[in-house]
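*Asks:* I would like to see how this sequence folds:
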Amino acid sequence: MESVQVVASSHEEEIPSEFIRPEAEQPRLTTFQGQHVQVPVLDFSVLNGEKLVDPESKCVEGYGSRLRNGWVDHLFNKIWPPSAIDYRFWPTNPPEYRKSAEEYATHLHGVVNELFRCLSVGLGLAPTDLKTAVGGEDLNYNMKINYYPPCPRPDLALGVPAHTDLCAITILVPNEVQGLQVFQDEKWYDVAYIPNALIIHIGDQVEILSNGKYKAVYHRSVVNKEKTRMSWPVFLEPPPHLEVGPHPNLINDQNPPKYKTKKFSDYAYCKLNNIPQ
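*Replies:* Numbering: from 1, shown residues only. Sure thing, here's the model as predicted:
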């Protein structure tokens, strides 16, 4: 199976039919023009000691392409914990890749801890409750490097179709080429690029743990006719056999559980195979 990069380098003016989305998904018909969605920006340096706002407001590692007929190639590998890393799936070129990825994982720890602390406090839980509930120090960091080559018909194709992330939290670094869109008020909006900022997505597992108080971000990516877009998401996932469900301190007779408790591996299998949860 050819990679998207190979298809793109053919310099054809049209794209293969498998990449053309149904009309209800085509960016030319579904993107709200002239306005970017306003994404809240948080400076972690001022969060310590402050009260948060209302919280209402199979192996997949290695190289891949044609993810659900998306205009994207990708590299997927686990970068934390060390016991989960399989270096067979790590590229040797560029030679500094391993050092850079390991260093990045180390720097992410502080961000991860602060995110879970903030989300826990926002729910009225103890600061460490949410991170403990998704695996604590056994939490998996799965990095995916997305490569979206120029597309001759970006009005018809999508980089990645609409979805929520099945993980707990996604930490995303994009390049400066516009591509991320979120669904809000029944419209698709571009998310403006903010230099030196991390984009944070709430994933399915935090929605489940919060019993729906936090909502997983419904998003997709579009592509560009002239420019290559890249993004570097890290998906924070519970260990496969950890059971995740609504946190017991958030449910009672007035607020019964809205989600089933199940092993993360079972949840992921159902979602990836379109089986009702």
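
*Asks:* what ranges does the stretch 51-200 of the chain have for its helices?
*Replies:* Ranges of helices in the stretch 51-200 of the chain, per DSSP state H, counting those that start in this stretch, are 97-122, 129-133.

*Asks:* just checking, what packs against the last one?
*Replies:* Where contact means 3 or more CB pairs under 8 Å, 6 or more residues apart in numbering; DSSP states H and E, helix 129-133 is packed against helix 97-122, helix 204-209. Heads up, the C-betas are built off the backbone N, CA and C, glycines and all.

*Asks:* how far is it from where the chain is centred?
*Replies:* Once both centres are worked out by CA atoms, centre = their mean, to the nearest Å, helix 129-133 turns out to sit 19 Å from its chain's centre.

*Asks:* name the residues of that helix that are buried.
*Replies:* For helix 129-133, burial by neighbour count (16 or more other CB atoms under 10 Å) applies to D129, L130, K131, A133.

*Asks:* same check, this time on the longest one
*Replies:* Judged by neighbour count (16+ other CB under 10 Å), helix 97-122 contains these buried residues: 101, 104-105, 108, 112, 115-122.

*Asks:* can I get those residues in JSON lines including pLDDT and distance to G203?
*Replies:* As requested, those are arranged in JSON lines below (pLDDT from 0 to 100; distance: CB to CB, whole Å):
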{"residue": "A101", "pLDDT": "95", "distance to G203": "21"}
{"residue": "Y104", "pLDDT": "96", "distance to G203": "19"}
{"residue": "A105", "pLDDT": "96", "distance to G203": "18"}
{"residue": "L108", "pLDDT": "96", "distance to G203": "15"}
{"residue": "V112", "pLDDT": "97", "distance to G203": "13"}
{"residue": "L115", "pLDDT": "97", "distance to G203": "11"}
{"residue": "F116", "pLDDT": "98", "distance to G203": "12"}
{"residue": "R117", "pLDDT": "97", "distance to G203": "17"}
{"residue": "C118", "pLDDT": "96", "distance to G203": "15"}
{"residue": "L119", "pLDDT": "97", "distance to G203": "11"}
{"residue": "S120", "pLDDT": "98", "distance to G203": "15"}
{"residue": "V121", "pLDDT": "97", "distance to G203": "19"}
{"residue": "G122", "pLDDT": "97", "distance to G203": "16"}
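
*Asks:* the helices of the stretch 51-200 of the chain: which one's closest to E25?
*Replies:* E25 sits nearest to helix 97-122 of all these, at 30.5 Å, using CB to CB.
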